[in-house]
Structures are given as C-alpha cells and as structure tokens.
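In: kindly generate the corresponding structure for this input.
(one chain, ligands or ions: 1)
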Amino acid sequence: MLEVLGERVGGWCGRESGSLRQAVRARRRQQNADMYAKLDADVAVRTTSLYRVKESPVVPAPQPETRPPAGLACGRCAPVSRDSWHDPKIEDSGTVINVLDIGRQNFANSGVISRYFCDLAQCFNLVKFQYKDVIPDVQKDPAYIKAIEDTTEEELKKTDLNLDEKGDRDKRNSAGYLTVKKRVEARAKKVLTDISSAMSYNILRVVAWLTHKAIRRVAGGGCGTRAGSVARLRRATAAGLPLVFVPLHRSHFDYILVTFALYLTGLRPPLVAAGDNMRIPFFGWILRGCGAFYIRRRVDGSEHNGDPVYKAALRSYIINSLAANNNLEFFIEGGRTRTGKPQPPKAGILSVIMDAYLDGTIDDALLVPVTLNYDKLVDGNFVREQLGMPKQMETFWSALRGIWRTMNTNHGSIRVDFNQPISLKELVQSFKKYNHFKAPIEAPLGPADDKFSSDLDRRLLYNHSHSSLYGDDVSTDHKMMVEAIGRHIVYEGAQATAVMCTNVVSYVLLTEARGGAGVRRAVRARGAALRAEGRDLAYRADPDRCLEHALEMLGPLVQRERRTETLRPTKSIAAELELSYYANTLVAHYAAPAIVATALESIVCRPDADGDTVRHPELLGAALQLYEVLSEELILCAPCHTIHETLLRALDQLLASGVLVNAERTDGLEEEKWSRRLAKTIDDEEDDGYERPDPTLRIKYIIQKTPEAIAERRRLLLTLRPLIESYSASCRHLAPGTVKSVVKATIDGLVHDYTTNKMPYGAAVSSDAVRNCLRLLRQWGVIEMYTDNKERKIRLRPPYDDAQKLNDICSHIYKFNVDSPLLKEESAT
Ligand SMILES: CCCCCCCCCCCCCCCC(=O)SCCNC(=O)CCNC(=O)[C@H](O)C(C)(C)COP(=O)(O)OP(=O)(O)OC[C@H]1O[C@@H](n2cnc3c(N)ncnc32)[C@H](O)[C@@H]1OP(=O)(O)O
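Out: Now for the predicted structure:
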C-alpha cells in the first residue's frame, strides 16, 4: 500500500506545477514518499527476520541428497497402480518437505499479519469439505433391518411369550413382538450413534491450529513427508474413488499427523476407525469431531458375544460412508506396535471394504498404506507392558499427563509418508491368480518335520473362522485373500517406512557393536548398506551428526565412556527393551537373512556337524522350520512371493556377502548344466508317479572363516537371538494355569537369567514374544486355551501332558537356541 502511495506521490511530483507553492508542495511530497518507501523497506526486513527467528525449526527438516523411490505399489500385484498417479519430476528427486512449512509457503507472499500468523491463517483458509450424514442410509439397509429382526426373534425365544404356533404375519403384529422389536430398535439406534463420526469443520480448524503448535514444539527436526507422495495423492483423488488410508500404528500421534498432513495439503480428511477405549471424556468428543468413528476392539469377543446388530451397524456404516465418497482410515494392525516390529493384520474392516467392492456397492477403492516413524517415540515406552504389566487404560487424566509430557520433550524428526495408492480391484484380480495359497488346507499348522513346509505359505494365511463381518459365511479362499491383502499392505508398509537415525544406532548397538567398539564405523556402514538396499534414510548422510543426534534422542539408554569413546547399551532390561523397540525396524528388514544365518548356526553347532560345509537342502529346510516357529513375529515377504523364494534370496545375500561360498564355485557352470539336464529328463518323463529327484540336493556351501564373514554371521545371529531366547523360556515355563501366570513365570525366569548373567539379552524379556510363542504352541496343538471364570487359561493337550513328549516338541524351538562360539566371542569383547 505504501508503495502505491509512494508511486502516486512520485507521479504528482513529476507533474508540471503551475506555481511555486505547488512546486514546494510537490517537493515535500517527494520527501515524504522517500521516507515512506524507506520505512516500508525497513518494516519488510524486520518482519522477515522476525519471522525467520520465530518460525525456523531448530534443526532443518531431514533432506539427504538422494533418496530411493520408496513406497511404490508392488510391481507384481499392482503394476497398473504402480504406473499411475506419477509426477516424474517430484518422484525422481525424492524430496522431503516439512509439513509445517506448507502454511508458510502458502502465505509467503501475503500481508505482514498473514505471514506472521501463517499457522492461524492456514487454518482459517482450509478447504471446507461436506460430510453426508449416513445414519438414515444405514437405517434403511436391509442387512441392518434383518439383524434387528433376527435379534428380536432371538430375544422373543428367551421370553415366556410363546408365539411359535401363530402365523408369521400374526406374530409380527403381536404386541409382545412389537415391544421387543422397539427395544431392539432403540438399542440398534444407540449402537449406531455410538459408532458414528460427527466431523466438524470448526473443530478440525481449531485442532489443526493446535496441532501446528504442538508439532513445532514436539518435533525439533520437523515433520517430513515425501513431496512425491502428496502429489500422487492429489492425482489419485481426481480419480473420484474413495481413498482408504491404512497406516502402520506406532503412536497416538499417528492419526493426528495423518489427518493433519492431509488437511494441510488440501485433501479430504478421512473418517478414522477408533477403538472405543478412545472414547474418553472431552478428548473422545474432540476426536469424533475430527473424524473418529468408534468400533469395539473385539467384535466377537466374549464381552459382546456375536452381537449381530453391532456387526450389521458397523458394516453398513463403513459401506455407506464409502458409497458417499468419504475417505476412510483404519489401523490394520489393530493397535500400536509394542515391539517396533510390524504386527500381523486384523482383517475385519478390510474384509468389509472388500465385500463392498465385490458386491458392487463401490466400483473400486484406492488403498493407501501410510508409514510413520519417529526419532523418539512420542508415547513414552512400552517397557511396563513388555514386562508383563497390564496396559493402562486411557482416561481423561492420563491423556492430559501424556500431552504435558510430550509437549515438554524434543522428539527429533518425525516422518509421515503416504505410499502409492493401490487399486483394490487390481489387487483382488492379481490375488485370484496366485495358486500357492489357494488349495484347501487339510490340517492345521503343525510342528515342523524335516520334509517340511511346501504349504507353509497358505497355512499361514489360513483363518479357521468362516464368518465375515459382512454377515454371511464366506469361503476359505475369500478369507485367505483378505488375509493376504492385509499381510501385503503390512509388509510393503514396513519396507517403505523411513529409517530414523535412532533405528540404525540402536540396531548397531544391540548387534554388530554390542561389545562397544567400532560403533561409529558400523553406523556409517549400516546406513550405506540400507541405502543400497533401497531403504529411505530419514537423516542426513553425515554419520557423525547422525550418531550424535541419535545419542541425544536415546539419552540414558546408551552409556558413553568419554575416555575410550566407547558406546554401550545401558546394562538394564528396561534400557535394552527400549533400544530393541528402535532396533526392531531393522530386525524386520533383516529377518530373512537372519533366519538363514540362525538356521546355519543350528546346523554348524550340532555335535556331528563338520563345521566347514553345509548342504543346501539341509540349510533351507532348517530356515523354513525356523520361520515357521517365528511366523507370529515376522512377516517375511509379501504373499505374492513364496517364503521359499524369499529364503533363497536371503541365501543369495549370504553368498554375496561372503558368509558362504558355493562349494562348486569353480565348477559352477557344470553344476548348472547338470541341474538343467536333470530337469529336462524329468520333464520328458512320462510316468506321473515318478518321484523327481531334487536337483538342489547336490549343492553344498563352504562356511567362510574370514573376520568379515564371522562378523556378518554374528550380526545376523544376534538380530533374532533375543526372540529365540524368549521362545525357549516360554517352552521351559509352560504349565497348565492361567495365561497370565504362564507369562509371569516366563518373564520372571528371563529376568532371573539376565540378572544372574546366564542370558545376556535384556530384549528377550518380552511378554509380547511369550504370548506369540503360546499362540504358536496352540496352533501346533500342544496347548488349548479356554475361558474360565472370565480368565484365559491354558491346558496341555494329550500327549503333550507327558514331560518327555512336551520336551520333544519343544526341541523344534530349542534347537535354534544354540550355544554358538560366535556369541561367546561377542560376550568376551
Ligand atoms: C487436522 C488435525 C486433526 C488431528 C486429529 C485427528 C483425529 C482423527 C481421529 C482419531 C481416531 C483415533 C484412532 C485411534 C486408533 C485406534 O484406536 S487403533 C485400534 C482400533 N482400530 C482397529 O482395530 C482397526 C483394525 N481392526 C479390525 O479390523 C478388527 O478386525 C476389528 C474389526 C476391530 C475386530 O477385531 P477382532 O474382534 O479381534 O476380530 P478379527 O479376528 O479381526 O475378526 C473379526 C471379524 O472380521 C471378519 N474377518 C476377520 N478376518 C477375515 C478375513 N480374512 N476375511 C473375511 N472376514 C474376516 C470375521 O467376521 C471375524 O469374525 P470371526 O470370523 O473371527 O468370528
């Protein structure tokens, strides 16, 4: 405005003046104009510097020079999605933007006030989206009406009113029936209102502004997101299909960040499935206003045993929301990971979305896996729960305390990334083609034998229940497809998760540099290796700064010997458990080679082993057996790959890194020719009953003894060692009783072994791993779980109530808990 004024004054001065008085006035105006222009420039300089001082984050957002293209759709199952919604320019640069900068950039050229209060201005200028109230549609849904009628009939059966003999119409018009129906309808209405979200533009705007302030305070390193993924989402939105965001769940901050990032980038905030434990006073109401719809954490648990009205209401609410073109979000793992590893998917909501597509209610939906990671976990830690103490329920006061604690800690950098949207239709079509999990399952998962595991892939997907949230019973194939799609999303999401510096440093401290020496070198090498393996590192390439920053974030979890500059994990169970939480991002990444290396150790340490060579089938067989043991812990591959293929690839990695060398290396070509010849003979064989000899039987590997090979073997062995210790301890402490008492006995045993230096891995003291081992033993038919007096109990199934038989079956686990010389060397360092 001042400039315009200045120009005008200048213009007047330039005019020809008729008199001296006019000339004097013009001169005065000219002087004034100069003064105003100077003032204006001064104000501009001061405002920009003020703005910089106030608004710049303490540490700039993470921006390594180059990034691998992370988060792309699977080339095998969704090639069309992978080629869609590209913006090659942004995709190639792999730029990460700080979501907090969006407001600043939007108002960079606006007035002084807007620039200074850009967060507020951004929130006031957010797009207003319309959300249709779907409750009336749900109430007209035939499945919902049928559920009410069925429940009415059920309730009538329980009353004294004997309406059986009357005709159907008479019965439905009878006073008793109508009274019961009215009661059921009222309950159904309450269930529906309890579920429904109440998205409010005003609440969203206020919460978005508060979130701006909170993230600036909490995330000293900013909150990064891949620019390419935002651009992709914008393009995908234009397709007019509902977006279904599927985040992997780490923290209570996750859902805030997802909605915040979407809202800020002008995308429609989703309706979010929230567990009803989140319906706490005040905060529950705010969350509902920001898009939360509430679901019971267990649909068929003993508490609400098979409530058909609830199932129908939830199903219909989700389907009608999708049909109204709302975006949806649900946490596929069902809750926050307590270990830092991705968890197996919960298929309930996914199955509803899939049914909506299969029955034509929606043409398609775009599944968007979302990954989040934090330098330092915002919710504190899960050590209490890992030590077997019960989860603390969310309350108003605990929420306030949590917010206060969070707001007063620097949590470093945060990353929230939206992976490439995948068409559900394309996934379903691709999955119909895969045969390796289609065939019927004859027997449940059993303990591994030596000729094991040709059908491990489909056994892992097999779900014993044949009902669906959708109402009717569904086929095994259908259930397995939902399960497979869920596992695919979780696996790909975990692979696309940005790796924080704390992940790398914790992993290095717990594995390759456990002794304390060479941490700096190992961190540098691990970062480079991860980058080469296609992982997106969320920290600057400078490893020294990365280490310093990670140490600041990890605080008392790491002990630093100033004189010798050695770094060691603090010797306590709590510290190691917390470090393992961060390290587990990489445990999931290295799971396959770690399984092969642990299997190798189990063979090498046998008394009859030659220690120098190992046969291919023996190694692969042991690796398959070990994966079966750890199948509740790790998702090894996307279901479009078989576990066998994945372990073969891992074996190739060990060959490439020089841990193993092909014994026939000099004669490699000869070996290949031999296998091909053999394969040809087999193909030409006419007799169907002919048993094909396995061409891999002849392959043998030499185990390398170079220091590098030994170091690599030790690293991989230590990657899974704490888990194997937990599983062995769970077997040792197995006894009839309540689940709680078995978990407690195992945890106490592990604590005792750790404190008496019998077992050096604090991370093994994990109730999560103990519970997973119990699940495995239940699948093997070793134990049975039942509810008695509201308590989950365990009993040993015959013949495993016999100590010898129990020991025999547990030896399938013990055999991987070997006393390897590699570990002795490690504890000596
Ligand atoms: C601008 C700034 C704003 C900032 C501010 C933003 C705030 C924005 C909102 C916040 C919002 C908070 C968000 C909190 C975050 C959580 O609270 S996370 C926890 C809650 N969310 C979830 O759990 C979602 C995923 N979970 C599921 O889908 C689960 O399946 C359910 C629906 C919860 C049920 O779990 P469950 O009872 O353990 O049972 P599950 O074995 O999964 O199966 C249930 C049924 O599904 C069906 N089913 C299961 N598997 C299959 C299959 N493979 N095929 C077909 N059907 C199947 C069957 O019917 C099965 O029943 P059965 O056959 O076993 O009898």
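
In: in this protein, which residue sits closest to the ligand?
Out: Residue of the chain nearest the ligand, by C-beta to the nearest ligand atom: Gly348 (2.3 Å). Any C-beta I mention is one placed from the backbone N, CA and C, and that applies to glycine too.

In: wait, that residue sits on Arg296?
Out: No - with contact defined as C-beta atoms under 8 Å, Gly348 does not count as touching Arg296 (10.1 Å).

In: looking at these two, which is more packed in?
Out: Gly348 (24 against 19; other C-beta atoms under 10 Å).

In: could you check the pLDDT of that one?
Out: Per-residue pLDDT puts Gly348 at 91.

In: what residues does the stretch 201-350 of the chain have near the ligand?
Out: Residues of the stretch 201-350 of the chain lying close to the ligand (C-beta under 6 Å from any ligand atom) are 204, 207-208, 211, 249, 255-256, 259-260, 263, 272-275, 278, 287, 290-292, 295, 297-301, 330-332, 334-335, 346-349.

In: buried subset of these as a ChimeraX selection?
Out: Of these, the buried ones go into a single ChimeraX selection, burial set by 16 or more other C-beta atoms under 10 Å:
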select :204,207,208,211,249,255,256,259,260,263,272,273,274,275,278,287,290,291,292,295,299,300,330,331,332,334,346,347,348,349
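
In: domains of this structure?
Out: Following the TED database, the chain resolves into domains at 79-129+197-270+327-467, 718-823.

In: wait, does the last one contact the ligand?
Out: No - for domain 718-823, no contact with the ligand is found by C-beta under 6 Å from any ligand atom; the gap never falls below 12.6 Å.

In: next, the distance between the ends of that domain.
Out: From its first residue to its last, domain 718-823 covers 8 Å (C-alpha to C-alpha, to the nearest Å).

In: count the neighbours of Gln625 for me.
Out: When neighbours are counted by other C-beta under 10 Å, Gln625 comes out with 23.

In: please apply the same query to Asp150.
Out: Using other C-beta under 10 Å, Asp150 has 14 neighbouring residues.

In: for it, which non-adjacent residue is spatially closest?
Out: In this structure, Asp150 finds its nearest non-sequential neighbour in Pro308, 6.0 Å apart by C-beta to C-beta, 6 or more residues apart in numbering.

In: got the contact list for that neighbour?
Out: By C-beta atoms under 8 Å, 6 or more residues apart in numbering, the residues touching Pro308 are 147, 150-151.

In: ok, back up a step: where among the domains of the chain is the average confidence lowest?
Out: Here the domains of the chain differ in mean pLDDT, and the lowest is domain 79-129+197-270+327-467 at a mean of 84.

In: where do the helices of the stretch 451-600 of the chain begin and end?
Out: 456-461, 476-496, 501-510, 519-532, 543-554, 573-589, 591-604 (DSSP state H, counting those that start in this stretch).

In: nearest to Ala188, of the domains of the chain?
Out: Among the domains of the chain, the nearest to Ala188 by C-beta to C-beta is domain 79-129+197-270+327-467 (17.7 Å).

In: mind listing what's buried in the helix or strand harbouring Gln429?
Out: In this assignment (DSSP states H and E), Gln429 forms part of helix 424-433. By 16+ other C-beta under 10 Å, the buried positions in helix 424-433 come out as 424-428, 430-431.

In: wait, doesn't Met480 sit right on Asp457?
Out: No - using C-beta under 8 Å as the test, Met480 is too far from Asp457 to be in contact (10.0 Å).

In: what is the mean pLDDT for stretch 620-633?
Out: In the prediction, stretch 620-633 has an average pLDDT of 92.

In: flag every buried residue along stretch 645-658.
Out: Quick answer for stretch 645-658 (16+ other C-beta under 10 Å): 646-648, 650-651, 653-654, 657.

In: with stretch 724-742 instead?
Out: Buried residues in stretch 724-742, counted by 16+ other C-beta under 10 Å: 724-734, 739, 742.

In: how far out from the middle of the chain is that stretch?
Out: Chain-centre distance of stretch 724-742: 27 Å, with C-alpha atoms, centre = their mean, to the nearest Å.

In: contacts for it, please.
Out: With C-beta under 8 Å, 6+ apart, stretch 724-742 has contacts from 598, 629-630, 745-746, 749-750, 753, 759, 761, 764-766, 769-771, 773-774, 776-777, 782-783, 785, 791-796, 806, 810, 813-814, 816-817.

In: mind giving me the ChimeraX select for these, buried ones only?
Out: The following ChimeraX line selects those of those that are buried, judged by 16+ other C-beta under 10 Å:
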select :598,629,630,745,746,749,750,753,759,761,764,765,766,769,770,771,773,774,776,777,782,783,793,794,796,806,810,813,816,817
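
In: and the contacts of stretch 724-742, which of them are in helices?
Out: Counting by DSSP state H, those place 598, 629, 745-746, 749-750, 753, 769-771, 773-774, 776-777, 806, 810, 813-814 in helices.

In: no further queries at this time; thank you.
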